[in-house]
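>>> Using only what follows, build the 3D model:
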Amino acid sequence: MSAQNSGTAPDAAETLFTCAVTVSEPAGVGPLFRRLGTIPDVAVTRHRSGPQDGELGVAETLRLLVPSAAVLTVVIRTLPAFIRSRRSSVSVTITRGDRSVTFDGENLPDPEKALEIANRLLGDD
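Numbers count the residues shown, from 1 in each chain. Now for the predicted structure:
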């Protein structure tokens, strides 16, 4: 299991929001991990889990710790470039609790809507 903290670590007194990030293409996890690790105030860890019953292989997810919707917005705004850079069709899903949003080549996040999406993921409503 690898872990990476980037930029300045969020202050311990701040509220941190945990989000899980999954990539449809296993080969995309490492590149997305490295890309997200360059964003200030985002702590990114890489988690591997064994296969479920009847499945083969290892599932990898990224866990983000973000201090605010504004920082999650920066994460969301990096996804179009990442998705376009992949040779094959790839989708990225960000999940927090029972809320999730999936991005792919068909529905890339609009920069103006990124803060709205982040607020929906992190909000209490």
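>>> from here on, contacts and neighbour counts on C-alpha atoms
Fine.
>>> Could you list the single helix or strand in the chain with the lowest mean pLDDT?
strand 3-5 (a mean of 43; mean pLDDT, DSSP states H and E).
>>> Give the next helix or strand downstream of it.
Next in sequence after strand 3-5, counting helices and strands by DSSP states H and E, comes strand 17-23.
>>> who touches Leu16 in this structure?
Listed by CA atoms under 8 Å, 6 or more residues apart in numbering, the contact partners of Leu16 are 10, 65-68.
>>> Also Leu108?
Contact analysis of Leu108 by CA under 8 Å, 6+ apart lists 79-80.
>>> Confirm it sits in a helix?
No. Counting by DSSP: H, G, I helix; E, B strand; the rest coil, Leu108 falls outside a helix, being coil.
>>> Just the pLDDT for it.
Leu108 is assigned 85 on the pLDDT scale.
>>> If you rank the contacts of Leu16 by neighbours, which is first?
Neighbour counts for those, by other CA atoms under 10 Å, peak at Val66, which reaches 25 neighbours.
>>> Quick check: the residue sitting nearest the centre point of the chain vs Ala81, distance?
The chain has Val21 as the residue nearest its centroid, 3.8 Å off, counting by CA atoms, centre = their mean. Distance, Val21 to Ala81, using CA to CA, to the nearest Å: 16 Å.
>>> same deal with Val23?
From Val23 across to Ala81, the span is 14 Å (CA to CA).
>>> and these two? which has more neighbours close in?
Neighbours of Val23 and Ala81, each counted by other CA under 10 Å, are more numerous for Val23; the result is 23 against 10.
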